[in-house]
Structures are given as C-alpha cells and as structure tokens.
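*Asks:* please find the sequence and the predicted model below.
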Amino acid sequence: MDFRNGQELLELCEKKQMTISQVMKEREITCGTLTDKEIMEKLKTVLSIMKAAVNEPLTHPKKSNGGLIGGEAKKVSDFGNTSRSICGSLLNKAISYSMAVLEVNASMGLIVAAPTAGSSGVIPGVLLALQEEKLYSDELLYDALLNASAIGYLLMRNASVSGAEAGCQAEVGAASAMAASAVVEMMGGTPQMCLQAASIAISNLLGMVCDPIAGLVEAPCQARNSIGAANAITCAELALAGVTHPIPFDEMSDAMLRVGKSIPFELRETAMGGCAGTPTGCSLGCGMCS
Amino acid sequence: MNFLSIFDVIGPNMIGPSSSHTAGACSMALMARRLCKEPICKVVFTLYGSFAKTYHGHGTDRALLGGILGFGTDDARIRDAFELAKEFGVEYEFVIDEKTITDHPNTADIAMTGVNGYELTVRGESIGGGKIKIVRIGNIDVEFTGEYSTLIIKQNDTPGIVAHISQCLSNQNVNIAFMRLFREDKGATAYTVVESDELIPESILAEIKRNPNVHEIMLVQV
Ligand code: SF4
C-alpha cells in the first residue's frame, strides 16, 4: 500500500477509513522492511531523543560550536513565566522548545533530523509543548510523528526538503507543514483538515530563503525554527476551525519546488546573501562572498 | 534505495549541526573504514568545496574522524573524536584544498594507512540529508551509495573476468540490483561493483578470488 501524492493519501484514508498516521504505518510495513514492533521501537527512540534535546538547553544552556547562539531557549522560556510575556503558555513552550533543539544541534548534540537538522526544532517544539499543555500520552505523539512523516515523505518525494535546493521554505517550511498536519490529527481533525493545515503552513512560508550566517546552522536558523513552530500551531488552529486553503496540498508542494528553483543561488545555503550577506553577517566570518 | 521510510523523513538520529556536513561526513568515513582491510593507524582527510570552507563550524572534521573510529552518525563520541583518536591510536591530519574543483560541493578524500602498511584512498560525496556516495577508490572513479549490500572487486581488466564474477553470483543465488565496471584504462586495473538488496554470502569471496586476475575484494553488508 503506497501513495504518491496528497490526493492518493486522502483517497486511501477514505477507502480504508484510516487516519493519515495509520496509512503511513501500513505503507511502511507493506513497502518497507520494518515490522510494526520495530516501527514502534524506533519511534520511541525518536521521541526520547527529542525530549532530551528540548530539555538540555533549558537546564544547561551552552554556547554553540560556531558561537552565534546558545542560551536563547532558556531566555525565552524564563520570560514566559513573567507577566510581560505575551505568547501564552502553549506558544511560549513551542517556540522555546524548538529553539532549544537548535542549540543542541549547533553544539554537536544528538538530535533527530525532522526532516533536516536545520529544521529539527519545529516538530519536537510543537508536539512536546502540546503534550505538556494537554497532558497527552506518548502513544498519541507516536501517531503524530507518523502523520508528520507522511507529509514529509510527500514533500521529499515531490518537492524538496533541502535548503541548498529550495531554500529555507523547504526545510523549516516543510517541518512546519509536517507539524501542522500532525497537530490536526492529534486534535481529532480529519485527514482533509491535516492537508489543509499543511497547505496553509507551506503557503505562509513560501519563498523563505536559506541564508545561514557564516554558513553555520545557527542564525537565522534558530529563530526560523521558532517561527516554523508558531506557524504550525496557527495553521492547525485554522484548519481545525474549518478554514480551508484554496490551493490543494499537491499544488502547494509543487509551487514550493518551483519557487525554490527560482530562488537565486545566493539565497540557497551558500551563505552569500540575505542575513549572511549583510555587512555584519560577513564580518561574522563566512568569507564566502569575498 | 528508492523507498523513503518514515525514518528517512523523521531521521536520521544524528549528532548536529548538519545532515550533509556532519552526518554525511561521518557516514562516508565509516564506509571508507569498512573498505580498508586493516585496522587504521593513520588517516589524511582532504576537504574540498563547501567542506573546505565550513568544516570547522559544522564539526565536519570531528564527524569524519569519528566515522574512521567506527562511530555511527548518532554516536555522541563524535564530539570528542580528536581526543579519542589518540586513545584509539589513530594519527590524523586535515588538508584544506580550496582550489580543486570537485563534482560535488561536499567532497572529501580519505587516505587511510593500515597497521601493516596497507594503503587506500577513498573519495566520498555527501549528497544531502545524510546520504552519501563513494565516487573514487584509489585513482579509479566508481559509484555506489552503501545503501545496498555491496561487493567491490579489484581486478585486472581482462576478458572473462566479469563472466566469472557473474557466474559466482548466480551460483550463490545472489540477486543483482546493479552491477557496474569501472576501469582506469583499457587492460589496466578495474573495479567491479555489485549491489544487491539482499545480504551477499561471505563464502562468495573465496570463490571469486579463485580467479588469478582478482586482486582484492571488499564486501559491505547492510
Ligand atoms: S536558513 Fe538554511 S540552514 Fe538555516 S534552517 Fe533555514 S534552510 Fe536550514
């Protein structure tokens, strides 16, 4: 049982009366080499790595390898406990957690690329914040990860999740779409709503360039992960409320790839343009545009 | 492999910060190590393209060395690879080559010396998402990913040898996914690379070696 695009995924969900996560698991068992038990074990490992990566920088912040970031997650999380915080608990957690994972990533810690290392904060940020706020079980999160991987698989297959190929919209944008869809399923939304959320998430971040300062996956990447997380929560809320996007998911994924291909080379992970190409960006040591 | 698994999407589990600059680098060195038939005591890495420019901030150096020490992409010991190399008795050196233009921006040459003097240089490319390709062994261009069980045969480029290899494969019922011949020059040294989606039985090595024109065989199982 396999599906090649969002349309086929929805048809399968309809025909088999299954959720996206169930279809994705079935696909893995029938087309891949893993058993149900092995899939669950691997998901368990994934979730435990994600949890550790969220917690570590909040308790033991440290500077990154490149020295551009470190300690921001704790700052944001601490600020969330003050009366001046404006995000509310769920959003504050989602963004600070997503930033935490990027700190672990940038200091050579263990993370799960989801779908890439540069965008690895979005999915754990959103899912773990929701779990804490709503007291959800780990089991529900395994399904959320399966749902997210279905969206990620479609984007990898039909578009791109590489910053060098299609800009940051393909990394953080893809992660955001994956997380948005996962949240919708967690909250009892339909498969259609999941793809709606993913479409809105992509369209919100369409055209986002990849411009890592000094070529390091640190800044603006860390803040991009926070916006990916916030965007995912927003889009899930819209979809759950019944808001739709006029463009179907498959066309959105296509649009993302086409936009990506027309993003100039300087803005696709070469550290030559955007944030990286500013005078300050250059002075921070990339030496790429010289 | 063409099948994209859940864990290709939500994964790999890896030491950051970059799937292509860290995880990919580690995997290519790990693969190089598997191709070296003796325990390694010395390694020289030559970094090209974007590896040459950003290796330090991305920990590409530690990831490469970690791979040579046998660490997987999710092994936290990668961070301490420099210190651990001493313990493991592996000397290392990094050469930065910003001049040579390579086919892929993330390319490294890995020159290994074994404890008994065996020498092998392998060139790898990190092609994104932690995936890699080995594109050169010694001075012969090859191509394989290590995602399949792979048999690499170093041989003389003489008639009959490919037939001998395929005979051995069919005797052992190995289903070939890809089989390619790469050679230096007509009649000189050549490599046959065979990829299979199943495990390749170890016993095939002795059978293939029986042909005097076969110099060396490497087997990488998945
Ligand atoms: S800016 Fe580039 S490197 Fe940073 S997260 Fe976005 S795509 Fe990845």
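*Replies:* That came through, no problem.
*Asks:* quick one: contacts for the residue in chain B positioned nearest to chain A?
*Replies:* In chain B, the residue found nearest to chain A is residue B:16; the distance is 3.2 Å by C-beta to the nearest C-beta. All C-beta spots, glycine's among them, are computed from the backbone N, C-alpha and C. Residues near residue B:16 by C-beta atoms under 8 Å, 6 or more residues apart in numbering or on different chains: A:104-111, A:117, A:120, A:217, B:22, B:59.
*Asks:* how does it look with 6 Å?
*Replies:* Contacts for residue B:16 were tallied using C-beta atoms under 6 Å, 6 or more residues apart in numbering or on different chains; they are A:105, A:108, A:111, A:117.
*Asks:* and the second one, that one's in a strand?
*Replies:* In this case it means residue A:108. No. Under DSSP: H, G, I helix; E, B strand; the rest coil, residue A:108 sits outside any strand and is assigned coil.
*Asks:* gap between it and residue A:141?
*Replies:* 26 Å (C-beta to C-beta, to the nearest Å).
*Asks:* the strands in chain B, which residues?
*Replies:* All strands of chain B, identified by DSSP state E, fall at B:13-15, B:40-48, B:91-96, B:106-114, B:119-128, B:131-137, B:140-144, B:149-156, B:176-183, B:189-196, B:214-220.
*Asks:* which residues does the shortest one contact?
*Replies:* Strand B:13-15 is contacted from outside by A:49, A:108, A:110, A:112, A:113, B:23, B:73, B:74, B:78, using C-beta under 6 Å, 6+ apart.
*Asks:* given that strand, what are its sheet partners and their directions?
*Replies:* strand A:110-112 (antiparallel) (DSSP bridges).
*Asks:* ok, the helix or strand following the strand it pairs with near chain B or not?
*Replies:* Helices and strands here follow DSSP states H and E; after strand A:110-112, the next one along the chain is helix A:122-134. No. Figure legend: helix A:122-134 not in contact with chain B (C-beta under 6 Å from any C-beta of the partner chain); closest approach 7.5 Å.
*Asks:* CA atoms of helix A:122-134 as PDB?
*Replies:* Extracted as PDB, the C-alpha positions of helix A:122-134 are listed here (Å, rounded to 0.1, in the frame of the first residue of the first chain):
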ATOM      1  CA  VAL A 122       9.900  22.600  14.800                       C
ATOM      2  CA  ILE A 123       8.300  19.200  15.300                       C
ATOM      3  CA  PRO A 124       9.600  18.400  18.800                       C
ATOM      4  CA  GLY A 125       8.800  22.000  19.800                       C
ATOM      5  CA  VAL A 126       5.200  21.800  18.800                       C
ATOM      6  CA  LEU A 127       4.500  18.200  19.800                       C
ATOM      7  CA  LEU A 128       6.100  18.400  23.200                       C
ATOM      8  CA  ALA A 129       4.500  21.700  24.100                       C
ATOM      9  CA  LEU A 130       1.100  20.300  23.200                       C
ATOM     10  CA  GLN A 131       1.800  17.200  25.100                       C
ATOM     11  CA  GLU A 132       2.600  19.100  28.300                       C
ATOM     12  CA  GLU A 133      -0.200  21.500  27.900                       C
ATOM     13  CA  LYS A 134      -2.900  18.900  27.200                       C
END
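*Asks:* so it, near the ligand or not?
*Replies:* No. Helix A:122-134 stays clear of the ligand (C-beta under 6 Å from any ligand atom), getting no nearer than 9.6 Å.
*Asks:* list the helices and strands that helix packs on?
*Replies:* Helices and strands touching helix A:122-134, by 3 or more C-beta pairs under 6 Å, 6 or more residues apart in numbering or on different chains; DSSP states H and E, are helix A:36-59, helix A:89-106, helix A:138-158, helix A:174-186, helix A:221-240.
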